[in-house]
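[1] any chance you could fold what I've pasted below:
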Amino acid sequence: MRIAYVTESFPPDINGVAHTALRVAEHLVNRGHEPLIIAPEPADGQPRPDRMLGYPVVRVPSFAVPVYPGLRVGLPGPRLRQAVAAHRADLMHLAGPFVLGASGGLAAKRLHLPTVAVYATDMAAYARTYHTGLAGQAISWRWLRRIHNSVDRNLAPSSAAAEDLRVHGIERVWIWGRGVDTVRFDPAKRSAELRAGLAPRGEVIVGYVGRVAAEKRLDLLSGVTALPGVRLVIVGSGPAEAAARRALPGALFLGPRHGEELATVYASLDVFVHAGPHDTFGNTLQEAAASGLPVVAPAAGGPLDLVDHGVTGFLVAPCDPGAITTAVTRLASDPAMRAAQGQAARRRMLGRTWAALGDELIGHYQAVVEGTGVNVPIPAGAPA
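    Got it, this is the predicted structure:
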């Protein structure tokens with residue numbers, strides 16, 4: 001198949017939408033398919049991987065979002081439809097569609113292409129976080145309904161996200177999760193040298209990896225920084241870093257890490273903690289679990305499918321700093337529990353490789369192209 005993959009974000013951006021686009025395109029090429037990536041132009045001076053990839057990438061003009069530094073939005077225009085037509089695409093894939101993806105949906109209609117849309121970001125939650133009020137939330141859902149109800153199949157990343165879509169009137173919803181690289185993220189990469197640098201007094205190392213942004217609610221980890229014998233490590237960067245440093249004065253901020261260096265950091269932690277209540281999936285939770293770590297996360301959204309409470313970590317009440325601190329305290333004080341939960345987490349991830357999830361996505365493509373199963377979505381609450 002020839003797939004036109006329209007994504008709201010792509011490397012050098014660092015987020016779940018960009019990472020998923022990279023891994024899906026890589027898998028499609030490995031399976032003999034021909035993807036075309038259409039993505040926003042990055043900011044001036046940022047490096048881009050386009051020429052090093054084994055498939056074409058078309059960039060469209062973009063602009064920076066004033067309320068979210070570092071985020072760029074692709075501008076609709078004729079370049080998108082021309083690129084899709086020139087690729088002679090068999091199918092359109094819209095990744096996290098909102099602005100550029102909406103334009104992709106219109107292009108698909110004009111070119112009579114079957115279309116799959118992948119829901120990725122809780123825009124209404126972002127509207128609340130960035131103070132656009134109830135009107136902003138309503139507009140977000142109205143716009144999302146317009147985009148998603150115009151396509152042949154919608155893929156939600158988790159059972160909670162699928163139910164949220166259905167509640168808000170979005171039709172033809174299936175569940176498609178995300179893969180994890182279980183070779184790169186491996187407990188065997190634990191480094192005694194790195195641990196000595198992060199926790200020279202032998203503290204239990206609790207880590208967060210991801211964007212440092214308001215919606216990630218790192219302020220909820222303040223109680224963790226006060227625990228005796230515990231060191232909180234933050235890996236990543238973002239627009240809320242100054243606020244996070246003020247909220248977490250005892251934490252160690254490492255900045256972004258990538259590739260093998262990131263894998264070593266994960267494996268060298270003892271506990272992984274995530275506080276953001278609005279994640280529709282949670283790629284970093286899977287990477288942590290694959291690295292053999294118990295995960296503490298809110299009982300909301302994507303983590304509900306990714307953390308088996310009491311077995312691979314703990315699910316806690318969303319937005320409750322005391323609950324997070326209590327769960328971390330239990331794990332910090334019980335090395336045997338940490339080891340057992342980390343091993344269980346690793347075992348669970350071994351069946352969630354990108355090859356397995358990529359093949360599942362290709363199955364969705366084939367069903368849409370062939371016109372089969374379009375009106376038989378996975379029931380609400382089905383596991384990812």
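
[2] going forward, measure contacts between C-alpha atoms and count neighbours the same way
    Fine.

[3] which pLDDT value belongs to Cys81?
    Slight slip there: residue 81 is Arg, not Cys. Per-residue pLDDT puts Arg81 at 94.

[4] what number of residues lie near it?
    20 (other Cα atoms under 10 Å).

[5] buried set for the strand or helix carrying it?
    Element membership for Arg81 (DSSP states H and E) is helix 78-87. Neighbour counts using 16 or more other Cα atoms under 10 Å place Leu80, Arg81, Ala83, Val84, His87 of helix 78-87 among the buried residues.

[6] so the third one makes contact with Val58?
    Yes - using Cα atoms under 8 Å, Ala83 is in contact with Val58, at 7.4 Å.

[7] quick one: contacts of stretch 149-158?
    Stretch 149-158 is contacted by residues 105, 114-120, 148, 162, 170-178, 280-281, 301-302, 305, 368, 374, 383-384 when judged by Cα atoms under 8 Å, 6 or more residues apart in numbering.

[8] repeat that for stretch 323-342.
    Under Cα under 8 Å, 6+ apart, the answer for stretch 323-342 is 204, 220-221, 223-224, 227, 230, 270-271, 275, 289, 291-294, 296-297, 310-314, 316-317.

[9] in strands, which of those residues appear?
    Among the contacts of stretch 323-342, the ones falling in strands (DSSP state E) are Val204, Val230, Val271, Val296, Ala297, Gly313, Phe314, Val316.

[10] just to revisit the earlier point, of the contacts of stretch 323-342, select the buried ones using a PyMOL command.
    Paste this into PyMOL to select the buried members of the contacts of stretch 323-342, with burial taken from 16+ other Cα under 10 Å:
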select buried, resi 204+220+221+223+224+227+230+270+271+275+289+291+292+293+294+296+297+311+312+313+314+316
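
[11] could I get the full set of strands for the stretch 51-200 of the chain?
    Applying DSSP state E, counting those that start in this stretch to the stretch 51-200 of the chain gives strands spanning 57-60, 62-64, 72-74, 91-95, 115-118, 153-156, 173-175.

[12] now distance to Ile37 too, for the ones you listed, in a markdown table please.
    Below are the strands of the stretch 51-200 of the chain laid out as a markdown table (distance: least, Cα to Cα, whole Å):
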| stretch | distance to Ile37 |
| --- | --- |
| strand 57-60 | 5 |
| strand 62-64 | 15 |
| strand 72-74 | 13 |
| strand 91-95 | 10 |
| strand 115-118 | 14 |
| strand 153-156 | 19 |
| strand 173-175 | 23 |
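
[13] now tabulate those strands in JSON lines and tack on mean pLDDT.
    Listed next are those as JSON lines, based on pLDDT from 0 to 100:
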{"stretch": "strand 57-60", "mean pLDDT": "95"}
{"stretch": "strand 62-64", "mean pLDDT": "86"}
{"stretch": "strand 72-74", "mean pLDDT": "87"}
{"stretch": "strand 91-95", "mean pLDDT": "97"}
{"stretch": "strand 115-118", "mean pLDDT": "97"}
{"stretch": "strand 153-156", "mean pLDDT": "97"}
{"stretch": "strand 173-175", "mean pLDDT": "97"}
